[in-house]
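In: Coordinates for the following, if possible.
(2 chains)
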Amino acid sequence: MEFSTVQELCLHLISSAYQRCRLSEQICRLAVILTRSSSSHPSLRISISDTGIGNCLEEFQDLRFSSTDFADNWDGMLSLKTTSIRDTEIHSYQINLKERGSSRITRLPSNTKNGAKFSGSEAYLSCFVSRDLILSDIHTFIQKNIAIQLVAEDCDVPESRYEKIFLANECKQLPASASNLELLKSGIEDYVVKHGNNLSNMCNSCFPSWEQLKVGIGVACCTDNRLNTELVMEAVILISNISVQNITCFREYDNRTEVLYFKDFSPCTISRSSMKALQSIDWKTYGLNLRGTVEQDGVTLLEWENLPTDTHIDIVLHVYHKQYPALDRSFLSLSETVKTPRKLSPLHRNLVKRAVKLSLDDLKANHSQAFLSSRALQIRGYAPDLAKTIAGLILSSSDLDFQGECFSLLGLQSQEVGTDTVESSIEERIVSVIEMNDKKPYNSQQVAPYLFEELENPVQESEFQENDFSPLDF
Amino acid sequence: MEGKRRRLQSESQAQSVILLTKIKEFTRALLTDLTNGRSPLIVIDRFRSYCAVPDANCFCASDLPCGKEALTLRTKSRAHRLVVMLRVMLIVQKLLQENKHSSKRDIYYTYPSLFLDQSVVDQAINDICILMQCSRHNLNVVSAGNGLIMGWIRFSEGERKFDCISSPNSVHPVPVHVEDVQDIISVAQYILVVEKESVFQRLANDQFCNTNHCIVITGRGYPDIPTRRFLRLLVENLRLPVYCLVDCDPYGFDILTTYRFGSMQMAYDTKHLRVPEIHWLGAFPSDSERYFVPKQCLLPLTAEDKRKVEAMLLRCYLQREVPQWRLELKLMLQKGVKFEIEALSTHALSFLTDSYIPSKIERKLIM
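Out: Numbering: from 1, shown residues only, chains lettered A, B, ... in the order given. Got it, this is the predicted structure:
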């Protein structure tokens, strides 16, 4: 992996620190500290430390820095201290990212842990980059991403200390054992209730309760044979209803959908194959009509047709390798801009599609009424007529025993029986059957129209399901 | 006679009771499915009166179903079909309970906004007949009646008397309630079925039945169910030969096959409607030469005519049961022309009465 700016490298180091924290399964601390020590040494010291599982040297093997900047604001030397929980000492290294070959990593004397049990890493470097520039990049990066402590200090300028702790899941407490997916879900909820992190707290006027958020999650995995590692795609879709009367609340993209995309715990631009995957999803099965996609300020937006004005859809996708570290080749292979192996593209597309579909299914399973397919909505339109007719068949029958039998099937007491009661009771059941049918994949219902062969002029389309007869077939 | 009428009435009432029971069973099963959270599945047998299998190694003649289709709540079109069928069933239940009759058209106008089209109602009626294993008249659904009859016959339909014999060339409507027809008396020697009302009126004007002891029936184009059921009743009761006179064009031929083999739409009830004894009297494509039809009366087959003939040539029953008919149909395609029955009358107005029909029957120039 090759970086051309210190900012890019820092973001990568933060991402990998975050992954080490996630893997430790303990509450971890991740600190990013930018210090300008004195005016006589105007260099900026950037330290990224974490209490995660500790570094693995392999991840630095393919790391390169090739600055095209003539000012050459960094010498390429990265210092690293790391220890795993099993280690008895803290290992120190110096890595020259501008050099190639085995000599680039220098082992420095270790420090003893004195029998203490802990793990963690610190990577630091000194450079001549504007503090404000780096601060702004890191701020934007972690705002969307992780719980982190960010400190920037200029020792020569009193009260110049900038310190901010970003706590992920401020609004909702999650156990330390929460999975990546749960954290992603919680993160997007947090992001949405703060109007895309434009507020520091949850907007109570738009979101009086968490219950109004409809969230669907989906995970799809596959094995990347070349790297012998498992690739995971997690998708979270969140539907929220914001009253159109809350016009004071900021809505950056109206009711278009911003697709947040993460690769190996880092936010990045959505890949083309992922976009294609999103475009190829049969949204109509879930009652949604995708009009198209647009790019606005580097953000990918999905545009919808006939979406109620108060409905907002947010989507977040996260693709990562289960194994840490995600070696450079594998990382690059997902960003299709650099020598992408062609074969990974359909694989990736398929992963996105599966994960998004699963999260839509999840939404539908928990909120069936809200996500009826356009087909089911049309069928549901017949429910009142159908209920009225079946009620008519019962109520107009001259056989009172038959009527009584039907009422008891519907669970109605004879004294409460009226046309409206019978009709609404039947309609309720019809609607629930239509909703149930809609949850099943449509393909499973596609069956041969006729048992044997087509007629010269088939009267009407039809279907037949084998081994699925009912007493109605007499 | 009174006893016979009472027997017919009680038979019809018994049939109504059976059907009402079946409708209740159907409703109960539907409701049970819904209350148990099962999606209803209504399986309907499919029937056909013919296929287009070239080697004719089929079982279309068996009257057995050729497949099944299912009505469910899983697609919009099937859900609509289910609603329509149930709505028609509701009307039928009322008709049977109140012992009333209704036409298909009346049913359509009960809920035109739901039914959208008459054909949808027709299909629903057919579906119900297949499900209930009965004929359309059993549902108390009747046609207005389009057919006409004259000739040497007398019968009654319930209280109504049809005394055609007293004036054999007077035109009477074909009875609608064929199941109520009784006391059939005839001195006719054959039954003549003509396709068109114009030909029927020509024969009436020519006093055809004075010189020919026969019964003449017309369905006025494609025959409706009462006409076909009545014709079949006459053939079964009187055991008379039946001849059919149609235009020499694809539609005339199709009407001929409808009388003999039944229509595709009513294939489920064909065994009660078809008249396999019917012979084709004319007009054959080969008649144009035999009877010197003037060239200006021979109209070229249109592209649609040709398509229709080609499709009909594939029907399995032609090869299997009436290969000669098929040869004539092929000849029509080869000659590329068609003509109406009236074209035979260019030599003399009463040519049909005086010459064509009697000579064909006498010389057995029939198929």
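
In: only C-alpha atoms for contact and neighbour calcs from this point on.
Out: Will do.

In: Name the residues of the stretch 51-200 of chain B found near chain A, please.
Out: Taking Cα under 8 Å from any Cα of the partner chain, the part of the stretch 51-200 of chain B that reaches chain A is made up of B:51-52, B:66-71, B:73-80, B:83, B:86-87, B:89-90, B:93-94, B:97, B:131-132.

In: Show me which of the residues you listed are buried.
Out: Buried by 16 or more other Cα atoms under 10 Å in any protein chain shown: B:51-52, B:66-71, B:73-80, B:83, B:86-87, B:89-90, B:93-94, B:97, B:131-132, out of those.

In: Okay, helices next: where are they in the stretch 251-400 of chain A?
Out: A:272-280, A:328-334, A:344-366, A:374-380, A:383-395, A:400-409 (DSSP state H, counting those that start in this stretch).

In: which helices and strands does the first one pack with?
Out: Based on contacts counted as 3 or more Cα pairs under 8 Å, 6 or more residues apart in numbering or on different chains; DSSP states H and E, the elements that helix A:272-280 packs against are strand A:289-296, helix A:344-366.

In: Same check on the longest one?
Out: Packed against helix A:344-366 by the contact rule (3+ Cα pairs under 8 Å, 6+ apart) you find strand A:214-224, strand A:229-241, helix A:272-280, helix A:328-334, helix A:419-439.

In: sorry, back to before: now, the buried ones among the residues of the stretch 51-200 of chain B next to chain A that are in helices?
Out: Under the assignment DSSP state H, these contribute B:76-80, B:83, B:86-87, B:89-90, B:93-94, B:97, B:131-132 to helices.

In: and the helix ranked longest in chain B, which residues are buried?
Out: Criterion DSSP H: the longest helix present in chain B is helix B:2-35. Buried residues in helix B:2-35, counted by 16+ other Cα under 10 Å: B:5, B:8, B:12-13, B:15-16, B:19-20, B:22-35.

In: picking up where we left off before, need the helices of the stretch 251-400 of chain A in JSON lines (columns: mean pLDDT).
Out: What follows is the helices of the stretch 251-400 of chain A, written out as JSON lines (pLDDT from 0 to 100):
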{"stretch": "helix A:272-280", "mean pLDDT": "87"}
{"stretch": "helix A:328-334", "mean pLDDT": "37"}
{"stretch": "helix A:344-366", "mean pLDDT": "86"}
{"stretch": "helix A:374-380", "mean pLDDT": "88"}
{"stretch": "helix A:383-395", "mean pLDDT": "95"}
{"stretch": "helix A:400-409", "mean pLDDT": "93"}
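
In: Export these to JSON lines and append columns for mean neighbour count and distance to A:T309.
Out: Formatted as JSON lines, the helices of the stretch 251-400 of chain A follow (neighbours: other Cα atoms under 10 Å in any protein chain shown; distance: least, Cα to Cα, whole Å):
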{"stretch": "helix A:272-280", "mean neighbour count": "17", "distance to A:T309": "22"}
{"stretch": "helix A:328-334", "mean neighbour count": "17", "distance to A:T309": "35"}
{"stretch": "helix A:344-366", "mean neighbour count": "21", "distance to A:T309": "20"}
{"stretch": "helix A:374-380", "mean neighbour count": "19", "distance to A:T309": "18"}
{"stretch": "helix A:383-395", "mean neighbour count": "22", "distance to A:T309": "27"}
{"stretch": "helix A:400-409", "mean neighbour count": "16", "distance to A:T309": "42"}
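
In: Ok, which of those comes nearest B:A188?
Out: The closest of those to B:A188 is helix A:383-395. By Cα to Cα, the value is 48.1 Å.

In: Give me the nearest residue to B:L34, chain neighbours excluded.
Out: Closest residue in space to B:L34, ignoring its immediate chain neighbours: A:R429 at 5.8 Å, by Cα to Cα, 6 or more residues apart in numbering or on different chains.

In: domains in chain A, as residue ranges please.
Out: Structurally, chain A divides into domains by automatic domain parsing as follows: A:2-166, A:180-371.

In: Isn't A:G120 up against A:G52?
Out: Yes: the pair A:G120 and A:G52 qualifies as a contact (Cα atoms under 8 Å) at a distance of 5.0 Å.

In: Tell me which of the two has more neighbours.
Out: Remark: of A:G120 and A:G52, A:G52 carries more neighbours, 29 against 24, as counted by other Cα atoms under 10 Å in any protein chain shown.

In: ok, the more buried one - contacts?
Out: Residues near A:G52 by Cα atoms under 8 Å, 6 or more residues apart in numbering or on different chains: A:17-24, A:28-29, A:119-121.

In: Only the buried subset of these, as a ChimeraX command please.
Out: Buried members of the contacts of A:G52, defined by 16+ other Cα under 10 Å, are picked up in ChimeraX with:
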select /A:17,18,19,20,21,22,23,24,28,29,119,120,121
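
In: which one is B:I357 nearest to, not counting chain neighbours?
Out: Residue nearest to B:I357 in three dimensions, not counting chain neighbours: B:L281, with 7.8 Å by Cα to Cα, 6+ apart.

In: From what I see, that neighbour and B:Y243 are in contact.
Out: Yes: if you go by Cα under 8 Å, B:L281 and B:Y243 touch, sitting 5.5 Å apart.

In: Lowest mean pLDDT among the helices and strands, pick that one out for the chain.
Out: Picked chain A for this. Least confident helix or strand, chain A: helix A:328-334 with a mean of 37, by mean pLDDT, DSSP states H and E.

In: should've been chain B
Out: Per mean pLDDT, DSSP H and E, bottom of the list for chain B is helix B:2-35, a mean of 86.

In: the inter-axis angle of the helix or strand that that helix is followed by versus helix B:76-98?
Out: Following helix B:2-35 in sequence order, the next helix or strand is strand B:41-46 (DSSP states H and E). Angle, strand B:41-46 to helix B:76-98, by axes from the mean of the first three to the mean of the last three Cα atoms, to 10 degrees: 80 degrees.

In: pLDDT on strand B:41-46, on average?
Out: When pLDDT is averaged over strand B:41-46, the result is 93.

In: Report all helices and strands that that strand contacts.
Out: strand B:67-72, helix B:118-132.

In: Quick check: which helices or strands does the helix or strand that the longest one is followed by pack against?
Out: Think helix B:118-132. Where DSSP H and E defines the elements, the next helix or strand beyond helix B:118-132 is strand B:141-142. Under the contact definition 3+ Cα pairs under 8 Å, 6+ apart, strand B:141-142 sits against strand B:102-103.

In: Would you list the phi and psi of B:T302?
Out: Dihedral pair for B:T302: phi -80, psi 170, per degrees, to the nearest 10.

In: okay, now it: neighbour count?
Out: There are 12 residues near B:T302, going by other Cα under 10 Å.

In: coming back round to it: to B:I217, which of the helices of the stretch 251-400 of chain A lies closest?
Out: Among these, if distance is taken as Cα to Cα, the winner is helix A:383-395, at 40.2 Å.
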